[in-house]
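Colleague: Compute the structure for the input listed below.
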Amino acid sequence: MLSARESWRMFEIMAEFVEATERLAPIRPAVTIFGSARVEPGSHYYQLTETIAHKLSNAGFAVISGGGPGIMEAANKGAFNGKSPSVGLNIQLPHEQHTNAYQDVSQTFRHFFARKVMFVKFASAYVIMPGGFGTLDELMEVLTLVQTGKIRQIPIILVHGPFWSGLLDWIENTMAAEGMISQEDLDLLQVIDDPDEVVEAIFRHYETCCLTPTPHDREILLSL
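Modeller: Got it, this is the predicted structure:
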């Protein structure tokens with residue numbers, strides 16, 4: 001019985017990938033924004049995220065978030081009130097996650113790993129706001145994928161330097177200093193606090209390369 005259930009689960013996972021890919025494929029270019037679900041509306045982080053998302057949306061980028069409350073809601077809200085689509089990739093959780101009301105495109109996942117692939121697959125940039133374990137998980141995931149060449153190099157922007165300073169010090173003075181990563185890996189991250197500069201940094205990155213994935217990039221993404 002257990003073996004049969006596991007086999008059928010594979011079909012559920014396949015269906016989740018297929019449905020999400022078909023819904024999200026037309027949404028290009030896009031920026032994925034991560035951050036805490038626990039941030040309250042009206043807080044500095046919430047307002048900063050909403051401003052960044054609104055500017056990205058008006059600049060022509062769809063904005064993808066986790067579809068829940070806190071930073072995710074702020075990202076969707078900013079994009080929803082802008083010119084480009086607001087996308088929520090929701091996850092079924094026993095607590096903390098509920099779907100926010102600011103989504104032009106809403107896709108719900110049962111499996112974290114399928115959702116994580118979609119965050120990466122359709123993103124031209126990552127903007128990482130202050131957050132907890134889930135935010136760190138997504139940050140380390142995209143850094144690993146870029147470092148190992150599993151996806152093309154895209155802007156990875158940390159917003160609000162004071163929040164990230166301790167982590168960045170540890171990465172540079174412990175990880176890099178002890179040879180666990182190379183000095184060049186430190187260049188994968190940018191720290192930017194100003195919303196306009198976030199948008200400018202993404203455009204600057206793509207001045208010398210294609211904003212949307214090339215056929216070669218798409219082939220690489222098939223191996224995610």
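Colleague: Run through the helices of this structure in chain order.
Modeller: Using DSSP state H, the helices found in the chain span residues 2-24, 44-58, 71-80, 112-121, 133-147, 161-170, 195-205, 215-221.
Colleague: which one of those helices is the most hemmed in?
Modeller: Of the helices of the chain, the one with the most neighbours on average (mean count of other CB atoms under 10 Å) is helix 71-80, at a mean of 29. For glycine as for every other residue, the C-beta is placed from the backbone atoms N, C-alpha and C.
Colleague: Which elements pack onto that one?
Modeller: Identification of packing neighbours for helix 71-80 by 3 or more CB pairs under 8 Å, 6 or more residues apart in numbering; DSSP states H and E yields strand 30-34, helix 44-58, strand 62-65, strand 86-91.
Colleague: could you redo these as TSV and give each row mean pLDDT and distance to Gly132?
Modeller: Shown next, in TSV, are these (pLDDT from 0 to 100; distance: least, CB to CB, whole Å):
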stretch	mean pLDDT	distance to Gly132
strand 30-34	97	10
helix 44-58	98	12
strand 62-65	98	15
strand 86-91	94	15
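Colleague: Make TSV from the ones you listed and add distance to Gly78 to it.
Modeller: Below are the helices and strands packed on helix 71-80 laid out as TSV (distance: least, CB to CB, whole Å):
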stretch	distance to Gly78
strand 30-34	9
helix 44-58	3
strand 62-65	7
strand 86-91	8
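Colleague: Out of the ones you listed, which is closest to Glu6?
Modeller: Evaluated with CB to CB, those place strand 86-91 nearest to Glu6, the distance being 21.1 Å.
Colleague: In terms of secondary structure, what does that closest one contact?
Modeller: Counting by 3+ CB pairs under 8 Å, 6+ apart, strand 86-91 packs on strand 62-65, helix 71-80, strand 105-109, helix 112-121.
Colleague: Give the partner strands of the third one in its sheet and their orientations.
Modeller: Just to be clear, that refers to strand 105-109. Paired with strand 105-109 in the same sheet, following DSSP bridges, are strand 86-91 (parallel).
Colleague: Contacts for the strand it pairs with, please.
Modeller: With contact meaning CB atoms under 8 Å, 6 or more residues apart in numbering, strand 86-91 is reached by 20, 24, 27, 30, 53, 57, 62-68, 72, 75-77, 79-80, 97, 99-100, 102-110, 112, 115, 118-119.
Colleague: was I right about Val198 contacting His54?
Modeller: No: the criterion here is CB atoms under 8 Å, and Val198 misses it with His54 at 11.5 Å.
Colleague: Give me the distance between the nearest residue to Asn76 once chain neighbours are set aside and Gly78.
Modeller: Excluding the flanking residues, the one nearest Asn76 by CB to CB, 6 or more residues apart in numbering is Tyr102, at 3.9 Å. According to CB to CB, to the nearest Å, Tyr102 and Gly78 sit 8 Å apart.
Colleague: hang on, the earlier thing: to His160, which of the helices and strands packed on strand 86-91 lies closest?
Modeller: helix 71-80 (11.0 Å).
Colleague: who's in contact with the residue nearest to Ser182 when sequence neighbours are not counted?
Modeller: Spatially, and ignoring its direct neighbours in sequence, Ser182 is nearest to Ala176 (7.2 Å; CB to CB, 6+ apart). Ala176 makes contacts with 182-183, 185-186, as judged by CB under 8 Å, 6+ apart.
Colleague: Alright, calling it a day.
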